[in-house]
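Undergrad: fold the following and give me the result.
(chains A and B)
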Amino acid sequence: MAFAADPSKPQGASASSGLVVLGLETSCDETAAAVLRLREDGSAEVLADCVYSQIEEHTPFGGVVPEIAARAHVDALDALIRRALDEAQMGFADLDAVAATSGPGLVGGVMVGLMTAKAISLAADIPLIAVNHLEGHALSPRLTGACPFPYLLLLISGGHTQLLAVDDLTEMTRLGSTIDDAAGEAFDKTAKIMQLGYPGGPAMEQAALSGDATRFDLPRPLTRSPNADFSFAGLKTAARRAWDALDNPDEQDRNDLAASVQAAIADCLADRSRNAMAMFIERHPDEAERRFVVAGGVAANKAVKSALETACADFGFTLSAPPAKWCTDNAVMIALAGAERLKRGEISDLDAPARPRWPLDQRAAADDPASGAGRKGPKA
Amino acid sequence: MEEIGRGHAERLAPLVRELMEETGVTAGRLDRIGVVAGPGSFTGVRVGVAFARGLALTLDIPAVGVSALACAARSADPARGKTVLAAHDARRDELAWQIYERGEAKGEMRLDPVEAVAGQARGMDDFILAGSGAMKLAAALGGGLEAAATEPPDPEQAARLAAEAQDLAPPSPIYQRPPDAKLPGGITPL
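TA: I've put the predicted structure just below:
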């Protein structure tokens, strides 16, 4: 398929070399398709980045409804892929591979993206790469520039809260994770208690701006423990008790509680990160540049970021975060993970399963299933 | 055709590749994709529809959604000369059902309790019962009725119906009921 050259895009052999991968993401409430080129020097060029957010469809329910999400994905995905290819000025014949999130996540949605990717792989005769969603997040700092391995990653979203030592593409060690709710979930659920609407994170941050963070004495779960695990369930319960104890709570009460909850979450995240930083330094004693990367939707919260900045300064780490659009769920990071895998010749078969549970660090998850462990094994 | 129960997401793509290798029909030679779009298991239906839409998008050909009830009706009455009541067992003692007269669908698919469908059926003249819910309906009607095409939809009939289709809009799953989600306060969404 031939297109007129776009003068705004770099031309010549260097522009067209490397690996071009279509990425698909459908594991939660964002339907996303992206086209990315992984250049030979390891840098990434984003050729298209399309996202359809279903947030309006879930808002009335105060959370993501899996069946509603799956229905929306199947109706939106193919047109979104068309748009991404058009933006990239490419056809299927220009792709080197197709990558799709195949877990962990809401399996109904994951299947939509995975089946679409399998169809493209079969019809266009290009390799399929089944990507771990968490690996996408873990690699996302590498989208915008050099972020060499190893680095310490804090992933904080509505579905995941983990500290990972990212030593290499295939060597990620979980240093800690939540034993109950995710950090984003803690924001959403406490916001719901205070009737702040959904999604709760941004509303809570806004309310907290005019609140007194010292008014409510809320717990900082696990902050005395020597590991790097998280817990937010007790904080949520304490926030509910504090709210219920208020007689006709007014705007100021709400703002004060929002500020208190936000401060507690930020403290927990920073405290646990400090322990992980110490562990990271022990793993890599000779590493001159210590990099701490924060990714996931909660990374956008300024109070959280400021608490992490202090921790980084104390331990000699530099803090960085991918741009906000690539902190939340997106297909660009899936395309990058796919391209990195393709570069190493790691491709998937057409019978690749959707995996609702898929820990990045299989060993840690098996030995110490802190995160969502159940009858079916560790979740992430 | 394979009986796989769960596991469509794993088996479907390799099965299609094997089919193309066995028949020598390469993807590029296809003119149209047909897919059974439901009613059925929500997830199973979406696996098929997402795959079909992905093929159609890549090959730049239409994909057509075919009702599982239409497949059952065609299997039960291939000559298209009779009246068929096709019913899908939607669980919870309900049937998703539709009437076909001489191969043409009458009205929209409906979801009703088995007893209610039986009540409607008692008022009908000579007809054939078909579909995965046919046995349940036959039992509710007091027995003595034969049920046809009670197996899962026959892909050959699906291909035939897709080839005949006039409406070439991208297939959307045919859901027999809305998502099970309650609004805060226990209000069921409209």
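Undergrad: show me the contacts for the closest residue to chain B within chain A.
TA: Among the residues of chain A, A:A119 lies nearest to chain B; the distance is 2.8 Å by C-beta to the nearest C-beta. C-beta here means a position set from N, CA and C on the backbone, and glycine is covered the same way. Residues in contact with A:A119, defined by C-beta atoms under 8 Å, 6 or more residues apart in numbering or on different chains, are B:A13, B:A50, B:F51, B:A52, B:R53, B:G54, B:L55, B:L57, B:T58.
Undergrad: show me the two of those residues that sit farthest apart.
TA: By the measure C-beta to C-beta, B:A13 and B:L57 form the most distant pair in the contacts of A:A119, at 14.9 Å.
Undergrad: higher neighbour count, the two?
TA: Using other C-beta atoms under 10 Å in any protein chain shown as the criterion, B:A13 and B:L57 rank with B:A13 on top: 26 against 23.
Undergrad: where's the more buried one relative to A:L38, distance?
TA: Noted for B:A13: a distance of 25 Å to A:L38, by C-beta to C-beta, to the nearest Å.
Undergrad: list the contacts of the nearest residue to the residue of chain A closest to chain B once chain neighbours are set aside.
TA: Ranked by C-beta to C-beta, 6 or more residues apart in numbering or on different chains and with sequence neighbours excluded, the top spatial neighbour of A:A119 is B:G54, at 2.8 Å. Contact partners of B:G54, counting by C-beta under 8 Å, 6+ apart, are A:D78, A:M115, A:T116, A:A117, A:K118, A:A119, A:I120, A:A123.
Undergrad: which of the residues you listed fall in helices?
TA: A:D78, A:M115, A:T116, A:A117, A:K118, A:A119, A:I120, A:A123 (DSSP state H).
Undergrad: going by neighbour count, which of those comes out on top?
TA: Counting neighbours by other C-beta under 10 Å, A:A117 comes out on top of those with 35 neighbours.
Undergrad: what about that residue, distance to B:Q120?
TA: 43 Å.
Undergrad: over to A:R220?
TA: Distance from A:R220 to B:Q120, by C-beta to C-beta: 63 Å.
Undergrad: with A:E67 instead?
TA: A:E67 is 29 Å from B:Q120, by C-beta to C-beta.
Undergrad: and what of A:H137?
TA: 53 Å.
Undergrad: compare the two (neighbour count), which wins?
TA: Neighbours per residue (other C-beta under 10 Å) separate A:H137 from B:Q120, with A:H137 holding more: 29 against 13.
Undergrad: which one of the ones in helices among the contacts of B:G54 is nearest A:L24?
TA: Using C-beta to C-beta, A:A117 comes nearest to A:L24 of the ones in helices among the contacts of B:G54, at 5.4 Å.
Undergrad: tally of neighbours for the residue nearest to that closest one when sequence neighbours are not counted?
TA: Closest residue to A:A117 apart from its sequence neighbours, by C-beta to C-beta, 6+ apart: A:A100 at 3.6 Å. Per other C-beta under 10 Å, the neighbour tally for A:A100 reads 35.
Undergrad: isn't A:A100 up against A:L24?
TA: Yes. Between A:A100 and A:L24 there is a contact under C-beta atoms under 8 Å: 4.1 Å.
Undergrad: pull the contacting residues for B:S75.
TA: Contacts of B:S75 (C-beta under 8 Å, 6+ apart): B:A130, B:A148, B:A149, B:P153, B:D154, B:Q157.
Undergrad: dump those to a markdown table, plus neighbour count and distance to B:E18.
TA: Listed next are the contacts of B:S75 as a markdown table, based on neighbours: other C-beta atoms under 10 Å in any protein chain shown; distance: C-beta to C-beta, whole Å:
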| residue | neighbour count | distance to B:E18 |
| --- | --- | --- |
| B:A130 | 25 | 29 |
| B:A148 | 17 | 29 |
| B:A149 | 25 | 25 |
| B:P153 | 25 | 20 |
| B:D154 | 16 | 19 |
| B:Q157 | 22 | 21 |
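Undergrad: from the residues you listed, which is closest to chain A?
TA: Ranked by distance to chain A (C-beta to the nearest C-beta), those are led by B:P153 at 18.1 Å.
Undergrad: angles on the backbone of that closest one, please.
TA: B:P153 adopts backbone torsions of phi -50, psi 140, taken as degrees, to the nearest 10.
Undergrad: same deal with B:L95?
TA: In terms of degrees, to the nearest 10, the main-chain angles of B:L95 are phi -120, psi 140.
Undergrad: again with B:H88
TA: Per degrees, to the nearest 10, the backbone of B:H88 is at phi -100, psi 130.
Undergrad: check the one 4 residues further on too.
TA: Per-residue torsions, B:R92: phi 50, psi 30 (degrees, to the nearest 10).
Undergrad: do B:P178 as well
TA: Phi and psi for B:P178, reported as degrees, to the nearest 10, are phi -70, psi 170.
Undergrad: and it, how many neighbours?
TA: Close neighbours of B:P178, defined as other C-beta under 10 Å, add up to 13.
Undergrad: and the helix or strand that contains B:L69, C-alpha only, in CSV?
TA: B:L69 is part of helix B:68-76 when elements are defined by DSSP states H and E. Only the C-alpha atoms of helix B:68-76 are listed here, as CSV (Å, rounded to 0.1, in the frame of the first residue of the first chain):
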residue,chain,number,x,y,z
ALA,B,68,-28.0,-18.9,16.2
LEU,B,69,-31.8,-19.1,16.0
ALA,B,70,-31.7,-18.5,12.2
CYS,B,71,-29.1,-21.3,11.9
ALA,B,72,-31.3,-23.7,13.9
ALA,B,73,-34.4,-22.7,11.9
ARG,B,74,-32.5,-23.3,8.6
SER,B,75,-31.2,-26.7,9.8
ALA,B,76,-34.7,-27.7,10.9
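Undergrad: which other helices and strands does the helix ranked longest in chain A contact?
TA: When chain A is parsed with DSSP H, its longest helix is helix A:251-283. Applying 3 or more C-beta pairs under 8 Å, 6 or more residues apart in numbering or on different chains; DSSP states H and E, we find helix A:251-283 packed against strand A:151-156, strand A:161-168, strand A:171-177, helix A:183-193, helix A:200-208, helix A:233-245, strand A:290-295, helix A:302-315.
Undergrad: Throw these into JSON lines and include distance to chain B, thanks.
TA: Converted to JSON lines, these look like this (distance: least, C-beta to the nearest C-beta, whole Å):
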{"stretch": "strand A:151-156", "distance to chain B": "26"}
{"stretch": "strand A:161-168", "distance to chain B": "25"}
{"stretch": "strand A:171-177", "distance to chain B": "26"}
{"stretch": "helix A:183-193", "distance to chain B": "8"}
{"stretch": "helix A:200-208", "distance to chain B": "13"}
{"stretch": "helix A:233-245", "distance to chain B": "15"}
{"stretch": "strand A:290-295", "distance to chain B": "28"}
{"stretch": "helix A:302-315", "distance to chain B": "27"}
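Undergrad: go through those and pick out the most buried.
TA: Highest mean neighbour count of the helices and strands packed on helix A:251-283: strand A:151-156, a mean of 27 (counted as mean count of other C-beta atoms under 10 Å in any protein chain shown).
Undergrad: what does that one rub up against?
TA: Strand A:151-156 has contacts (C-beta under 8 Å, 6+ apart) with A:134, A:137-138, A:141, A:161-166, A:175, A:182-184, A:269, A:273, A:276-277, A:280, A:290-299, A:304, A:308, A:317.
Undergrad: quick one: average confidence on that strand?
TA: The average of the pLDDT scores along strand A:151-156 is 97.
Undergrad: and the nearest residue to B:R110 once chain neighbours are set aside, what helix or strand is that in?
TA: Distances taken as C-beta to C-beta, 6+ apart put B:W97 closest to B:R110, at 6.0 Å, once the chain neighbours are dropped. B:W97 belongs to strand B:94-101 when assigned by DSSP H and E.
Undergrad: contacting residues for A:E56?
TA: Contacts of A:E56 (C-beta under 8 Å, 6+ apart): none.
Undergrad: show me what from chain B comes close to chain A.
TA: Residues of chain B lying close to chain A by C-beta under 8 Å from any C-beta of the partner chain are B:9-14, B:16-17, B:27, B:42-43, B:46-47, B:49-59, B:170, B:172-173, B:175, B:179-184, B:189.
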